[in-house]
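Q: okay, structure incoming, though there's no sequence with it:
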Ligand SMILES: [Zn+2]
């Protein structure tokens, strides 16, 4: 995929935001329901939900690409180092795009709610922004942020 920069990036973001279906705004497809011990900090507006949907879609897209690539490794077929490098080159801009969109989303949310903590928060089904329960905050944070680790054998999404 071609690397998007400047206005092209925002044109693409706008296109993605406009393409979000009304059903997707429920944020039930990719976001887990809130557990009873999680505190609701705010409920996202439709605009904020659109951003969250776009971030989810990109995350799923990239996870799919990475899973596909990992499968090629497992199959051990005719997968060369050049194939790996080409994959990393093609995937890196998409991961960069996801990082930027995620940063835009969290920045927008923090402007609404300046007292929102830096860590330990997440978006639940129904668009609830919650303070995560302290049971396993690291795991939740990594899951929420979809941490991407780039290693020698290409980028891997934390799973
Ligand atoms: Zn590879």
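A: Okay, I see it. This is a predicted model, so every value here is computed, not measured.

Q: the residue in the chain sticking out farthest from the centre and residue 107, how far apart?
A: In the chain, the greatest distance from the average C-alpha position (C-alpha atoms, centre = their mean) is reached by residue 78, at 31.0 Å. According to C-beta to C-beta, to the nearest Å, residue 78 and residue 107 sit 44 Å apart. To be clear about C-beta, it is placed using only N, CA and C from the backbone, and glycine gets the same treatment.

Q: quick check: which ranges of this protein have low pLDDT?
A: The model of the chain has pLDDT under 70 over residues 1-5, 77, 118, 134-159.

Q: how about the strands in it?
A: For the chain, applying DSSP state E gives strands covering 39-43, 121-124, 128-131, 148-151, 154-157.

Q: got a list of contacts for the second one?
A: Defining contact as C-beta atoms under 8 Å, 6 or more residues apart in numbering, one finds that strand 121-124 is touched by 27, 31-34, 38, 41, 44, 52, 129-132, 140, 143-144.

Q: residues near residue 60, how many?
A: Residues within reach of residue 60, counting by other C-beta atoms under 10 Å, total 13.

Q: find the residue closest to it in space, skipping its chain neighbours.
A: Nearest in space to residue 60, with sequence neighbours left out and distances taken as C-beta to C-beta, 6 or more residues apart in numbering, is residue 30 at 6.8 Å.

Q: distance of the closest residue to residue 83 other than its chain neighbours relative to residue 81?
A: The spatially closest residue to residue 83, leaving aside those adjacent along the chain, is residue 72, at 7.6 Å (C-beta to C-beta, 6+ apart). Using C-beta to C-beta, residue 72 is found at 13 Å from residue 81.

Q: cool, and residue 63?
A: For residue 63, the distance to residue 81 (C-beta to C-beta) stands at 23 Å.

Q: who has more neighbours out of these two?
A: residue 63 (16 against 8).

Q: could you list every helix and strand that the helix ranked longest in the chain packs against?
A: Identified as the longest helix of the chain according to DSSP state H is helix 81-112. Using 3 or more C-beta pairs under 8 Å, 6 or more residues apart in numbering; DSSP states H and E, the elements in contact with helix 81-112 are helix 6-18, helix 46-75, strand 148-151, strand 154-157.

Q: and it, which residues are buried?
A: Going by neighbour count (16 or more other C-beta atoms under 10 Å), the buried part of helix 81-112 is 84, 87-88, 91-92, 94-95, 97-98, 101-102, 105-106, 109.

Q: do the same with stretch 42-49
A: 44, 48-49.
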